[in-house]
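Novice: Give me coordinates for this.
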Amino acid sequence: MSIRPFGRTGLTVSDICVGTSALGSFPAQYGYEVDEVTAVATIQRVFDGPFTFIDTSNEYGGGASEERIGRAIAERGGIPEGYVVATKVDPLPGSTDFSGDRVRRSVEESLERLGLDKLQLVYLHDPEKISFDEGVAKGGPLEALIDLRDQGVIQYLGVAGGPIDLELQYLATDAFDAVISHNRYTLVEQTAEPLLEDAARRGVAFVNAAPFGGGMLVKGPRAVPRYCYAPVDQATIDRVLRMEELCRQHGVALAAAALQFSVRDERVASTIVGMSQPSRVEETLGLLNRDIPQELWDQLLPLAHEGRNGIDAVTV
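Specialist: Now for the predicted structure:
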């Protein structure tokens, strides 16, 4: 594990970022519930460990993720020295209201739940819910975020979304210090490569989310024949099966290779790994510290790079 510079901000973060969407209890997506005691204990374990970067969002668990993190922060008497807690602005659930007024309210809600008077890092979350023109328009979300930053309510701004072309548009505004991409820089596909390059050129911190592709790269494609929560073509399944077999031959878990694929890239400031119970800290450290021989990388990377141009989803 290493501590890395967070782009041009002057902050430093661990190469693993603790993802907390499941901490708010989201059984519809994750298939299990997380009670408040377990959630708070998870963050307390994080505060006692080597991972210094926590990621949440206004909408996770309807606000429960932030509330539970806030309880852990309160029990500590504040965010521990050297830690960074990032959150995101969201529309009201079920809406696409990304107006400036909604963004300000989203920030107010996050401050209240987390028990803070200012936020270190706030992302514009899933901006694909509106058009880019709406995003940068007068009275829109970007204007509100810049205003909140100028007031000192927010220290740094980020954008966190899916479509790579849209995120490139937002980086071109030069308003953002960080960018999150999910499911687009993994052993399966690397369509985020242009975003990685652009972020590095601008001094913007690149944060890589979902290195396991929604489970396929943990449990294997036989158990999880889906990527980013959607069915994929047989060619992708066969490719990951070959990766899984190569890892087995070397005594390496596929999940360890998937995680280290992201972490070994120095352009990636931090890689988000979801943690919903205290034991996940040790499990993640185990994957991160597993020695992977160069011979295995030499076999895996050509298979991985077949996903540079994306993969084919299957309509069901």
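Novice: how near is Ile73 to Tyr83?
Specialist: As judged by Cβ to Cβ, to the nearest Å, Ile73 and Tyr83 stand 9 Å apart. Heads up, the C-betas are built off the backbone N, CA and C, glycines and all.
Novice: Tell me which of the two has more neighbours.
Specialist: Neighbours per residue, other Cβ atoms under 10 Å: of Ile73 and Tyr83, the larger number sits with Ile73, 22 against 19.
Novice: Surely that one is within a helix?
Specialist: Yes: counting by DSSP: H, G, I helix; E, B strand; the rest coil, Ile73 is part of a helix.
Novice: Name the spans of this protein whose pLDDT lies under the cut-off.
Specialist: The chain contains residues with pLDDT under 70 at 25-29, 314-316.
Novice: Run through the strands of it in chain order.
Specialist: 3-5, 12-14, 16-19, 53-55, 84-89, 119-125, 154-161, 178-182, 205-209, 226-227, 230-231, 268-274 (DSSP state E).
Novice: All the helices of the stretch 101-250 of the chain, in order from the start?
Specialist: 132-136, 141-150, 164-171, 193-202, 216-219, 234-249 (DSSP state H, counting those that start in this stretch).
Novice: Summarise which helices and strands the second one is packed against.
Specialist: Contacting helix 141-150 under the criterion 3 or more Cβ pairs under 8 Å, 6 or more residues apart in numbering; DSSP states H and E are the following elements: helix 100-114, strand 119-125, helix 132-136, strand 154-161.
Novice: Could you pull out the buried residues of the second one?
Specialist: Within strand 119-125, the residues that qualify as buried are Leu119, Gln120, Leu121, Val122, Tyr123, Leu124, His125, counting by 16 or more other Cβ atoms under 10 Å.
Novice: Could you export the residues you listed to JSON lines, including columns for distance to Gly158?
Specialist: Shown next, in JSON lines, are these (distance: Cβ to Cβ, whole Å):
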{"residue": "Leu119", "distance to Gly158": "11"}
{"residue": "Gln120", "distance to Gly158": "11"}
{"residue": "Leu121", "distance to Gly158": "6"}
{"residue": "Val122", "distance to Gly158": "7"}
{"residue": "Tyr123", "distance to Gly158": "4"}
{"residue": "Leu124", "distance to Gly158": "7"}
{"residue": "His125", "distance to Gly158": "9"}
